[in-house]
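>>> okay, structure incoming, though there's no sequence with it:
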């Protein structure tokens, strides 16, 4: 497959086939997440306990904690365990002479589009909760900081720099911060806007400044 063709391949199509053990783990993770989302929809985030989630998913509380360290992680976890790795792999498929912001725009808008297509209800509930639950917003910030480290590696490799260089770290963190604000902006306005368009608009701000 050419670099350009690979760049336009959905992230999930580039994942290697899962073995039986991995499929069972993914099934359990998915059951836990769906149980929690169902309970939150019925009774709210604060009223939903780990014990209730475990019972609804037909697993033990210890199993829930084995897959998710906290209740916040269940909400914010993406469909695939290797989300950051998939983003990093997708970024490495972009043309080496493409401006870094354009490469990140292509990869991140594809990821957002995939989530909106594959899990629209969860995406809407997740972002809504981010605006309502301080602990979730804080955990989202931590998660995006981890993702920015994943983005820094291929960006640094392309530029012949160290991923820990200040400029590389600032650039990757700025992009993820912009994505975070786009998600919150979308949720705060009842998710009426086109989220992909908002992400593009946000990244345009990084390129040209706020134009105030």
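Okay, I see it. What you see is a predicted model, and the numbers here were worked out from it, not measured in a lab. Numbering: from 1, shown residues only.

>>> every contact and neighbour count from this point should use C-alpha atoms.
OK.

>>> show me which residues of stretch 136-151 are buried.
136, 137, 139, 140, 143, 144, 145, 147, 148, 149, 150, 151 (16 or more other CA atoms under 10 Å).

>>> again with stretch 102-117
Result for stretch 102-117 [16+ other CA under 10 Å]: buried residues 103, 104, 105, 106, 107, 108, 109, 110, 111, 112, 115, 116.

>>> and the average pLDDT for it is what?
The average of the pLDDT scores along stretch 102-117 is 93.

>>> off-centre distance for that stretch?
10 Å (CA atoms, centre = their mean, to the nearest Å).

>>> one more: stretch 87-103?
Per CA atoms, centre = their mean, the centroid offset for stretch 87-103 relative to its chain is 17 Å.

>>> what does stretch 137-152 give?
9 Å.

>>> name the residues that touch it?
Contact with stretch 137-152 is made by 72-73, 76, 84-85, 87-88, 91, 130-131, 163-164, 168-169, 172-173, 175-177, 180, as judged by CA atoms under 8 Å, 6 or more residues apart in numbering.

>>> rerun that using 7 Å as the cut-off
72, 76, 84, 88, 130, 131, 163, 168, 169, 172, 173, 176 (CA atoms under 7 Å, 6 or more residues apart in numbering).

>>> may I ask which two of those are separated the most?
The distance between the two most remote of the contacts of stretch 137-152 (CA to CA) is 31.3 Å, for 131 and 163.

>>> more neighbours: the two, which one.
More neighbours surround residue 163 than the other of residue 131 and residue 163, with 20 against 15 (other CA atoms under 10 Å).

>>> Three-state assignment for the more buried one, please.
Assigned with DSSP: H, G, I helix; E, B strand; the rest coil, residue 163 falls in the coil class.

>>> element containing the nearest residue to residue 192 once chain neighbours are set aside?
The shortest distance from residue 192 to any non-neighbouring residue, by CA to CA, 6 or more residues apart in numbering, is to residue 186 (7.2 Å). With secondary structure defined by DSSP states H and E, residue 186 is part of helix 166-188.

>>> what angle separates the helix or strand where residue 156 lies from helix 166-188?
Here residue 156 sits within helix 134-159, counting by DSSP H and E. Taking axes from the mean of the first three to the mean of the last three CA atoms, to 10 degrees, one finds that helix 134-159 is oriented at 140 degrees with respect to helix 166-188.

>>> so for helix 134-159, mean pLDDT?
90.

>>> quick one: that helix to chain centroid distance?
Distance, centroid of helix 134-159 to centroid of chain: 10 Å (CA atoms, centre = their mean).
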